[in-house]
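Peer 1: Using only what follows, build the 3D model:
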Amino acid sequence: MKSVVLRCVLCLGALAVWSSGWGTCHAGTPPANGSNVLVVANATWRGPDGNEQGASEGVARYYMARRGVPEDHLLLVDVDETVSSYASFHQKVVVPVAKKLDSLRGADGKDSILYILCCYGMPLTVSLDLPLTQREYPGRQKDEVYNADGSVQLKEERTYAWPRSADSFLCYPQWLAAQSPTNALDSNRTEFGGRYHDLTSAPPPVHPYYGVTNGSPSFAEARSREPNKFAYYLVCRLDAPNALVARSLVDKAIYAEQYLQNPGGTESVTYRTECVFDLGEQEMTREQVKDSVAWFAGKARGSPFKGAPWPMIVDTATGEGEEIGVANTNGVLYRPNDPKFKDRSLPITNVVWYYGHYTTYGRYQDVYQWAVGAIGIHLDSGACADLHTRAWDTFRDGATPPDGGRPGFVPHALMRNMTASSGPVHEPYEDGIIAGNRLFRALSLGRNFADACYSATRDIWWKSLFVGDPLYTPFAPGKRIDKDAPRILAATIEKRGEERWLCVTTDKPCQFAVSMGDQVLRSFSRWGNCWEDRDWFFGCELRLKVPGTVPGGTLIVRVLSPAGLIAELEVR
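Peer 2: Next up, the predicted model:
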């Protein structure tokens, strides 16, 4: 694969140097908050292993407490996480969501909900399951029959629309709820939301909030100014391979809103980050990365970074196997034709923004340590094909997992500490994937994650999932340096049958180290297999299995904040 990699180093300083317009909201409309979010959880989800009863609701209530979402803004649905039929999704999710939204309208009929948050365990995909001709849907899938000799026989008489993002069906839930599933998915063009649209088209038309300029309003402002034009919802999800990681996404978002700063500080600041942009072979992506370079360098019109650009290193690797993310057996970056990167030790640490196409479809190159607050987009057609399968780690090394699944960039990055990401559930085509330059431009102009994602994605009813806290605003005003050591709020040992588990909670995202006498049960900053112990991970919670007997009766728990501050506690 040919690629050109841009690496931008963001140095976080003792003083914020935000440009005057960053993070501001146009007069008359306050920034969105928890009262603008409807949270949807799956009451029947039991986790990937079938032993996490109530996990989806638990993630939902955790988010609501952290963001101040009113109690009546929670909706529990009863749905199979693997649902693929639109008829079932319509009955079990779309209709209940529409009714809940109607019930939350004010006495004046005004709709205060801007965002819908689907929590851990909600379905990822929905299949339209329509018989379509090639002319009606050129991106079709054919029935395949495997012959005894292993050859494939294609049957032309029936084809199927590829899966869509389940979340995308909640952007216009009231309109869909008013239609029967058959009528809503009829191939005839149907009017909804003030515009014509064909659910079976590939891809759908551009939605009104797509595109961002220096004067673009937030979605809240856009809805306030033109309520009929923007009478739809921006849908994100708080999801991950397990509930603990899903909950951590809001904790890391809140921390980064307070402490993640613009470049320009001193070397003594420990919460420092780097930025990586990878230019893939698609021409459209190349142009987007060039635009991002100019924007972060302060050279683009309206850039808030004028006078405070972020240092950048451009890597022009072009040969197969030379992109960042390919390591040799010694665990170092393998770039034989480029002396700047040859034998650079892995991992590439503290990456906060990532956009590009660094490797082949369906593989995660485990060479990055994502900083708290990190947002990354990888151009992979299956980046969100599955968020919950556990047997992915073998696929990272090029082998197909036992279940034949595709792991994707997003779940691996979340396990590696990323705070928010986006990706398609199936082939989106080039125009159907999020545009990284628009995303980071919107974020740096003070937009939250949901607004930035939708302003950077042209197709509202298509393949994308937006995984992260919709309210996360990394360029929010009022930044400060984190000078306070983390606090351990609770540390207990719980018995689960014959097992003993150490349970720790902190007031800010931390890494955890645990020792028992001379034995180290967990250490800071390990880097290795990303499915074992979440070894490069910050969160406010630790759940660790410990031996049945503790020498001296004491466990020593140490926690490390992103700012490098440490707290310690003995647990007996």
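Peer 1: which residues in the stretch 51-200 of the chain form strands?
Peer 2: Applying DSSP state E, counting those that start in this stretch to the stretch 51-200 of the chain gives strands spanning 74-77, 115-119, 125-126, 141-146, 152-160, 164-165, 190-192, 195-197.
Peer 1: on contacts alone, who are the packing partners of the lengthiest helix in the chain?
Peer 2: Longest helix in the chain by number of residues, with DSSP state H as the criterion: helix 243-259. In this structure, helix 243-259 makes packing contacts with helix 55-67, strand 234-238, strand 368-378, helix 409-415, strand 499-516, strand 539-546, judged by 3 or more Cβ pairs under 8 Å, 6 or more residues apart in numbering; DSSP states H and E. Just so you know, the C-beta spots here come from the backbone N, C-alpha and C atoms, and that holds for glycine as well.
Peer 1: Name the next helix or strand downstream of the fourth one, please.
Peer 2: By that I understand helix 409-415. Sequence order places strand 420-424 as the next helix or strand after helix 409-415, per DSSP states H and E.
Peer 1: same question, the fifth one
Peer 2: Secondary structure here is assigned by DSSP H and E; on that basis, the next helix or strand after strand 499-516 toward the C-terminus is strand 519-522.
Peer 1: for that next one, what is the average pLDDT?
Peer 2: Per-residue pLDDT over strand 519-522 has a mean of 86.
Peer 1: and it, what does it pack onto?
Peer 2: Judged by 3+ Cβ pairs under 8 Å, 6+ apart, the packing partners of strand 519-522 are strand 499-516, strand 539-546.
Peer 1: Could you list the buried residues of the longest helix of the chain?
Peer 2: 243-257, 259 (16 or more other Cβ atoms under 10 Å).
Peer 1: Report the angle between that helix and strand 499-516.
Peer 2: With axes from the mean of the first three to the mean of the last three Cα atoms, to 10 degrees defining the directions, helix 243-259 sits at 40 degrees from strand 499-516.
Peer 1: by how many degrees do helix 243-259 and strand 420-424 diverge?
Peer 2: Using the same axes, to 10 degrees, helix 243-259 lies at 120 degrees relative to strand 420-424.
Peer 1: What is the neighbour count of the residue lying closest to residue 452 once chain neighbours are set aside?
Peer 2: Nearest in space to residue 452, with sequence neighbours left out and distances taken as Cβ to Cβ, 6 or more residues apart in numbering, is residue 442 at 3.8 Å. A count of nearby residues for residue 442, using other Cβ atoms under 10 Å, gives 24.
Peer 1: before we move on, what about residue 118?
Peer 2: Residue 118 has 29 neighbours, counted by other Cβ under 10 Å.
Peer 1: Same check on residue 512?
Peer 2: Quick note: residue 512 (other Cβ under 10 Å) scores 25 neighbours.
Peer 1: what's around the closest residue to it other than its chain neighbours, how many residues?
Peer 2: Ranked by Cβ to Cβ, 6+ apart and with sequence neighbours excluded, the top spatial neighbour of residue 512 is residue 542, at 4.4 Å. By the measure other Cβ under 10 Å, the count of residues near residue 542 is 25.
Peer 1: Distance of the residue nearest to residue 95 when sequence neighbours are not counted relative to residue 88?
Peer 2: Counting by Cβ to Cβ, 6+ apart, residue 95 lies nearest to residue 177, which is 4.7 Å off, once chain neighbours are set aside. Plainly put, residue 177 is 14 Å away from residue 88 if you go by Cβ to Cβ, to the nearest Å.
Peer 1: what's the answer for residue 44, then?
Peer 2: In terms of Cβ to Cβ, residue 44 sits 13 Å off from residue 88.
Peer 1: which SS class is residue 385?
Peer 2: coil (DSSP: H, G, I helix; E, B strand; the rest coil).
Peer 1: how about low-confidence regions in the stretch 201-350 of the chain?
Peer 2: The stretch 201-350 of the chain contains residues with pLDDT under 70 at 201-205, 212-214, 262-275, 277-284, 309-346.
Peer 1: residue boundaries of the helices in it?
Peer 2: With helices called from DSSP state H, counting those that start in this stretch, the stretch 201-350 of the chain shows them at 219-225, 243-259, 283-296.
Peer 1: So for residue 124, which of these sits nearest?
Peer 2: Closest to residue 124 of the helices of the stretch 201-350 of the chain, according to Cβ to Cβ: helix 243-259, at 13.4 Å.
Peer 1: Kindly export the closest one (C-alpha atoms) in PDB.
Peer 2: Backbone C-alpha positions of helix 243-259 (Å, rounded to 0.1, in the frame of the first residue of the first chain) are rendered in PDB as follows:
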ATOM      1  CA  ALA A 243     -18.900  -2.100  29.700                       C
ATOM      2  CA  LEU A 244     -15.900  -0.800  31.700                       C
ATOM      3  CA  VAL A 245     -14.300   0.600  28.500                       C
ATOM      4  CA  ALA A 246     -17.600   2.100  27.400                       C
ATOM      5  CA  ARG A 247     -18.100   3.900  30.700                       C
ATOM      6  CA  SER A 248     -14.500   5.300  30.500                       C
ATOM      7  CA  LEU A 249     -15.300   7.200  27.300                       C
ATOM      8  CA  VAL A 250     -17.200   9.900  29.100                       C
ATOM      9  CA  ASP A 251     -14.700  10.100  31.900                       C
ATOM     10  CA  LYS A 252     -11.800  10.700  29.500                       C
ATOM     11  CA  ALA A 253     -13.900  13.200  27.500                       C
ATOM     12  CA  ILE A 254     -14.600  15.300  30.600                       C
ATOM     13  CA  TYR A 255     -11.000  15.200  31.600                       C
ATOM     14  CA  ALA A 256      -9.800  16.300  28.200                       C
ATOM     15  CA  GLU A 257     -12.300  19.100  28.100                       C
ATOM     16  CA  GLN A 258     -10.700  20.500  31.200                       C
ATOM     17  CA  TYR A 259      -7.000  19.900  30.600                       C
END
